[in-house]
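S.K.: Whatever this is, show me its structure:
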Amino acid sequence: MPRAVGVPHPDRVTKRRAWVLLAAAAWTCYVWGTRLYLLWGNADESTAFKVVHTVLAGVSLVFAAAVAWIGYRGLRESRAGVPA
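M.R.: Just a heads-up that it's a prediction; the model follows:
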C-alpha cells in the first residue's frame, strides 16, 4: 500500500526532528557539564556523593552522544537528498 504524499518514511528522521535531537543532546551536555563543574568545585559534598553523580552524568552523556548521532545522521541524510 503506498504512503500518503508528504508523510516521511517511518525509518527516517525528518530535518525538524533531527534538530530537536541535536538540541536535546546539546542541552544535556550543558546541564551535566555545569553540574559536574559545580559539584567537583564544592567541598561540602562527600566523595561518595560526587562519585555517584559523576557516574550518573557519564551515563547521561553517553545517551546524549547516541541521541546526537541519530540527529546528525538524520540531518546528513536530509541534506544528501536521501528519498523518504
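S.K.: Mind listing residues that contact stretch 41-55?
M.R.: Arg35, Leu36, Leu39, Trp40 (C-beta atoms under 8 Å, 6 or more residues apart in numbering). Quick note: C-beta positions are derived from backbone N, CA and C, even for glycine.
S.K.: Helix, strand, or coil at the second one?
M.R.: The local conformation at Leu36, judged by DSSP: H, G, I helix; E, B strand; the rest coil, is helix.
S.K.: cool, and Ala43?
M.R.: coil.
S.K.: now it: how far from His53?
M.R.: Separation of Ala43 from His53 (C-beta to C-beta, to the nearest Å) stands at 15 Å.
S.K.: Pick out whichever of the two has more residues nearby.
M.R.: In this view Ala43 and His53 are compared by other C-beta atoms under 10 Å, and His53 has more residues nearby, 16 against 5.
S.K.: That one sits in which helix or strand?
M.R.: helix 47-79 (DSSP states H and E).
S.K.: out of the contacts of stretch 41-55, which is most surrounded?
M.R.: In terms of neighbour count, Leu36 stands highest of those at 17 neighbours, by other C-beta under 10 Å.
S.K.: buried set for stretch 55-65?
M.R.: Using 16 or more other C-beta atoms under 10 Å as the test for burial, stretch 55-65 gives Ala57, Leu61, Ala64.
S.K.: centre of the chain versus stretch 25-36, how much separation?
M.R.: 10 Å (C-alpha atoms, centre = their mean, to the nearest Å).
S.K.: going forward can the numbers begin at 61, since that is how I track them
M.R.: Sure, I'll start numbering at 61, so the last one becomes stretch 85-96.
S.K.: Tell me which residues are up against it.
M.R.: Identification of contacts with stretch 85-96 by C-beta under 8 Å, 6+ apart yields His113, Thr114, Ala117, Ser120, Leu121, Phe123, Ala124, Ala125, Val127, Ala128, Gly131.
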